[in-house]
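Next come a sequence and a model predicted from it.
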Amino acid sequence: MTAESSLRADIVEVGRRMYARGYTASNDGNISVRLGADRLLMTPKSVCKGFMTPDMMCITDLDGRKLQGDRDPSSEMLMHLEVYRQRPDVQAVVHAHPPTATGFAVAGIPLDRAVLAEVLTTLGSIPIAEYATPSTKALPEANHGALTVGSDLFGAYYKMETIEHFAKISLVARMLGRENLLSREEVMRLQELRGAYGIKAPAPICAVPGTEPQAGSIPDETCQVVQAPKGEGSRLVVSPKPSAAADEIRLTYRELSALIEDAIRSLR
Ligand SMILES: [Zn+2]
């Protein structure tokens, strides 16, 4: 098989897996790979990703002009083009709407708690982008389902699996009412380990996680927000239960720590 025909077959296979796992419904989602320095192979618009055939794909240039194919490229192509423009190292882009991860995004809850070592080493923190209307110019900068990139197509696809898997685990832990976080020290050790996994240049962890940038300061968009408390003390986050009795007071880990600190100070 030529490189192109094997890439066409790989896109079909990734589309089938995404649809089978419920990451896309109907004609949602799109997949692209670099075919050469200035050409992309991409899924067409208005087809179900679970039922594609290799001949359906479009070939475009890096500005999205169609060079080959009976069908038109994905209406969400702009998002892919923007990634390839900004990241010359990226060979493949996968976009889908995995329901649990997308639910977190819709609720405005980032998946940034340091919970699973394998997620921190492979993905790091999972941020939320701003929303914009699908297929508009604004989409490249917008949250719209999940977007993963990779140095090959299956690498990008497996990141999509990891995001949804992590979102499901996070949801179950929050429904059960508690999450035990890794410490900041453990997170920093994992950051160093990333090199051993072949993940180059991990984005640095933001200095103060979970806090708003100070007024007038320029936010560092290249660092990752990871919620991991310092030290070896308690690292349990207790979620408020919607059914909590009216006379119960529920506190977050941060609020509880602040109360204890206040109490200790007043004892001195
Ligand atoms: Zn979409």
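Now that the structure is in, tell me what you want to look at. Residues are numbered from 1 along each chain as shown.

So for the longest helix seen in the chain, mean pLDDT?
Taking DSSP state H as the criterion, the chain has its longest helix at helix 153-176. Across helix 153-176, the average pLDDT comes to 95.

Ok, stretch 67-87 next?
What stretch 67-87 shows for mean pLDDT is 93.

Same question for stretch 251-268.
When pLDDT is averaged over stretch 251-268, the result is 84.

quick one, helices of this structure?
All helices of the chain, identified by DSSP H, fall at 3-20, 77-86, 99-106, 117-122, 153-176, 184-193, 253-267.

lowest-pLDDT helix or strand in this structure?
For the chain, using mean pLDDT, DSSP states H and E, the weakest element among its helices and strands is strand 142-143, scoring a mean of 54.

Give me the contacts around stretch 114-128.
Stretch 114-128 is contacted from outside by 101, 104-105, 108-112, 143, 159, 162-163, 166, 169-170, 173, 179-184, 186-187, 190-191, 193-194, 197, 199, 202-203, 224-228, using Cβ atoms under 8 Å, 6 or more residues apart in numbering. Using the backbone N, CA and C atoms, a C-beta is placed for each residue, glycine as well.

Please point out which parts of that stretch sit buried.
114-116, 119-126 (16 or more other Cβ atoms under 10 Å).

send the alpha carbons of that stretch over as CSV?
This file holds the C-alpha atoms of stretch 114-128, laid out as CSV (Å, rounded to 0.1, in the frame of the first residue of the first chain):
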residue,chain,number,x,y,z
ALA,A,114,-4.0,16.1,39.3
VAL,A,115,-5.6,12.7,39.7
LEU,A,116,-4.2,10.1,37.3
ALA,A,117,-0.4,9.9,36.7
GLU,A,118,-0.9,8.4,33.2
VAL,A,119,-3.0,11.4,32.1
LEU,A,120,-0.5,13.9,33.5
THR,A,121,2.4,12.2,31.7
THR,A,122,0.6,11.8,28.3
LEU,A,123,-1.7,14.8,28.1
GLY,A,124,-1.1,17.1,31.1
SER,A,125,-3.9,19.4,32.0
ILE,A,126,-7.0,19.5,29.7
PRO,A,127,-8.0,23.1,29.3
ILE,A,128,-11.3,24.6,28.0
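
Find the residue closest to Ile163 in space, skipping its chain neighbours.
Ala101 (4.9 Å; Cβ to Cβ, 6 or more residues apart in numbering).

Now do the same for that neighbour: its pLDDT.
94.

give me the number of residues near it?
Applying other Cβ atoms under 10 Å, we find 25 residues neighbouring Ala101.

ditto for Pro54
If you count neighbours by other Cβ under 10 Å, Pro54 ends up with 16.

do Thr2 as well
By other Cβ under 10 Å, the residues close to Thr2 number 7.

Quick check: Arg34 touching Met42?
No - with contact defined as Cβ atoms under 8 Å, Arg34 does not count as touching Met42 (10.3 Å).

What residues does the chain have near the ion?
144-145 (Cβ under 5 Å from the ion).

pLDDT weak spots in the chain?
Low-confidence segments of the chain, defined by pLDDT under 70: 1, 130-143, 198-202, 208-221, 232-234, 241-248.

In the protein, where's the longest strand?
strand 30-36 (DSSP state E).

any idea how far the closest residue to Val14 other than its chain neighbours lies from the ion?
Take Val14 and drop its neighbours on the chain: the residue closest to it by Cβ to Cβ, 6+ apart is Tyr157, 4.7 Å away. Tyr157 sits 15 Å away from the ion, going by Cβ to the ion, to the nearest Å.

what sits against Tyr157?
By Cβ under 8 Å, 6+ apart, the contact list for Tyr157 reads 14, 17-18, 92, 94, 148, 150.

Identify the bridge partners of the residue most central in space within the chain.
In the chain, the centroid-proximal residue (Cα atoms, centre = their mean) is Ile126; its distance is 4.4 Å. Assessed by DSSP bridges, Ile126 has beta-bridge partners Leu111.

Determine which residue belonging to the stretch 151-268 of the chain approaches the ion most closely.
Met160 (12.3 Å; Cβ to the ion).

Now do the contacts for that residue.
Residues counted as contacts of Met160 (Cβ under 8 Å, 6+ apart) are 18, 23, 94, 96, 98, 146, 148.
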